[in-house]
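Asker: Fold the following.
(one chain, ligands or ions: 1)
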Amino acid sequence: SATPFKVAVTGAAGQIGYSLLFRLASGALLGPDRPVELRLLEITPALKALEGVVMELDDCAFGTLAGVEIGDDAEKVFDGVNLALLVGARPRGPGMERGDLLEANGAIFTAQGKALNAVAADDVRIGVTGNPANTNALIALSNAPDIPAERFSALTRLDHNRAISQLAAKTGSPVTDITKMTIWGNHSATQYPDLFHAEVGGRNAAQVVGDQAWLENDFIPTVAKRGAAIIEARGSSSAASAASATIDAARDWLTGSPEGDWVSMAVQSDGSYDVPAGLVSSFPVTTRDGDWEIVQGLEIDDFSRSRIDASTAELAEERDAVKGLGLI
Ligand code: NAI
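Answerer: Down below sits the predicted model:
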């Protein structure tokens with residue numbers, strides 16, 4: 001049978017991990033014919049809880065699950081991994097300032113970038129889900145000089161999926177009719193979900209909706225603040241949907257985005273669409289065999305321009321802050 005595909009997950013004992021691991025183990029990434037080996041990283045105090053999760057993985061008797069290893073040493077856990085899903089991050093605690101959060105996560109993503117650089121497989125792809133995802137990805141790639149920067153991405157697929165779902169509901173269409181959705185910028189409240197290039201059944205979404213007030217005052221804030229709305233309703237942050245988006249993003253990256261469509265992914269900018277080069281910002285991308293390309297030639301009107309600029313300005317501030325801390 002095929003060699004197992006080695007997938008590392010950090011923060012594996014957390015909320016997202018509890019959804020993500022079972023889907024990875026059941027073949028959601030590469031299908032039922034490709035065995036998967038899980039490499040699970042946690043901090044030492046969470047290893048006991050992680051052992052419990054591994055007991056449950058065993059109890060599912062997944063045919064695709066070739067093995068599970070757990071540990072608190074990134075250089076051991078990341079050894080030979082083909083895909084690393086960096087989910088674990090330090091949540092903002094009471095009284096913690098933004099700078100403190102960047103610094104705490106900076107330490108995590110510096111160490112994990114270095115460990116990946118040292119021991120990951122030559123074909124490794126790295127997806128960052130843990131927040132602040134874009135800047136954490138920038139820190140990790142800056143600390144992994146031997147891994148090409150295009151192997152790193154940050155997750156905006158959840159925002160992308162949320163935008164598809166909102167547009168489908170508004171237009172009374174199935175989600176499968178929605179194509180060419182784009183999230184631009186940061187995975188934060190400044191993100192810009194763009195309906196001017198999206199399509200509903202092949203027709204321009206902004207025209208189908210025909211309601212700029214809805215777009216500005218309803219759609220964009222609903223997508224951008226969905227995370228907070230879920231915390232408010234559920235009492236804890238989105239986890240199953242974040243896990244599902246993490247899988248969607250990795251699967252499409254590895255196996256290809258659908259023909260005639262694209263996906264949103266935060267990748268290091270080459271200056272396309274005047275997003276300052278070097279920032280890890282969300283773009284419309286097509287993917288194939290583990291590579292991505294930014295969709296070129298989209299017309300950006302003044303409204304979209306100002307939204308994209310606002311979000312990339314925030315990314316530039318985050319970059320300057322982590323630069324000031326010596327993390328990149
Ligand atoms: P959680 O707090 O339930 O789990 C995080 C886990 O990471 C914990 O088990 C913790 O022990 C572990 N961890 C902390 N530092 C670590 C380290 N250095 N190495 C390995 N593991 C470490 O959080 P949850 O709900 O699973 O969310 C994880 C992250 O994903 C958070 O940063 C959250 O903000 C982010 N997120 C991102 C989304 C996106 O769309 N990009 C959507 C939803 C959540």
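
Asker: what about the residue of the chain found nearest the ligand, distance to residue 94?
Answerer: Nearest residue of the chain to the ligand: residue 14, at 2.0 Å (CB to the nearest ligand atom). Where C-beta positions appear, they are placed from N, C-alpha and C, glycine not excepted. In this structure, residue 14 and residue 94 are 19 Å apart, going by CB to CB, to the nearest Å.

Asker: more crowded one of the two?
Answerer: Remark: of residue 14 and residue 94, residue 14 carries more neighbours, 22 against 4, as counted by other CB atoms under 10 Å.

Asker: what sits against the residue nearest to residue 240 when sequence neighbours are not counted?
Answerer: Nearest-residue entry for residue 240: residue 19, 4.4 Å, with adjacent residues in sequence omitted and distances by CB to CB, 6 or more residues apart in numbering. The contact partners of residue 19, by CB atoms under 8 Å, 6 or more residues apart in numbering, come to 239-240, 242-244.

Asker: so what's the residue nearest to residue 133 when sequence neighbours are not counted up against?
Answerer: Distances taken as CB to CB, 6+ apart place residue 154 nearest to residue 133, at 4.0 Å, with adjacent residues excluded. Residue 154 makes contact with 127-129, 133-134, 136-137, 187, 265-267, 280, 282, according to CB under 8 Å, 6+ apart.

Asker: Filter those residues down to the ones in strands?
Answerer: 127-128, 265-267, 280, 282 (DSSP state E).

Asker: Residue 107 is in contact with residue 136, correct?
Answerer: No: using CB atoms under 8 Å, residue 136 is not in contact with residue 107, being 10.9 Å away.

Asker: For the two, indicate the residue with more neighbours.
Answerer: Shown here are residue 136 and residue 107; by other CB under 10 Å, residue 136 has more neighbours (29 against 14).

Asker: Would you confirm that residue 321 contacts residue 99?
Answerer: Yes: judged on CB under 8 Å, residue 321 makes contact with residue 99 at a distance of 6.4 Å.

Asker: pLDDT at residue 98, what is it?
Answerer: Looking at residue 98, its pLDDT is 77.

Asker: What distance do you get for residue 254 to residue 33?
Answerer: For residue 254, the distance to residue 33 - CB to CB - is 14 Å.

Asker: Give me the more crowded residue out of the two.
Answerer: Using other CB under 10 Å, the more surrounded residue of residue 254 and residue 33 is residue 254, with 19 against 10.

Asker: what's around the residue lying closest to the more buried one once chain neighbours are set aside, how many residues?
Answerer: Leaving aside its sequence neighbours, residue 254 sits nearest to residue 290 (CB to CB, 6+ apart; 5.5 Å). Residue 290: 17 surrounding residues under other CB under 10 Å.

Asker: Close to the ligand: what parts of the protein are there?
Answerer: Counting by CB under 6 Å from any ligand atom, the chain comes close to the ligand at 10-11, 13-17, 41-43, 46, 87-91, 108, 129-131, 133, 155, 158, 187, 237-239, 242.

Asker: Now list the buried members of the residues you listed.
Answerer: Listed as buried from the residues of the chain next to the ligand are 10-11, 13-17, 41-42, 46, 87-90, 108, 129-131, 133, 155, 158, 187, 238-239, 242; burial here means 16 or more other CB atoms under 10 Å.

Asker: Now do the helices in the chain.
Answerer: 15-25, 47-60, 74-77, 98-119, 133-142, 157-171, 205-209, 212-214, 220-224, 226-234, 240-255, 302-324 (DSSP state H).

Asker: can you give me the offset of the shortest one from its chain's centre?
Answerer: Put plainly, it is helix 212-214. Averaging C-alpha positions (CA atoms, centre = their mean, to the nearest Å) puts helix 212-214 28 Å from its chain's average.

Asker: So what touches that helix?
Answerer: By CB under 8 Å, 6+ apart, the residues outside helix 212-214 that reach it are 170, 206.

Asker: quick one: average confidence on it?
Answerer: Rounded mean pLDDT across helix 212-214 is 97.

Asker: any weak-confidence spans in the stretch 151-300 of the chain?
Answerer: Residue ranges of the stretch 151-300 of the chain with pLDDT under 70: none are present.

Asker: my bad, the stretch 1-150 of the chain
Answerer: Low-confidence segments of the stretch 1-150 of the chain (pLDDT under 70): 1.

Asker: follow-up on the earlier one: of all the ones in strands among the contacts of residue 154, which comes closest to residue 295?
Answerer: Nearest to residue 295 among the ones in strands among the contacts of residue 154, counting by CB to CB, is residue 265 at 10.8 Å.

Asker: correct me, but that closest one touches residue 257?
Answerer: No: counting by CB under 8 Å, residue 257 is not a contact partner of residue 265; they are 9.2 Å apart.
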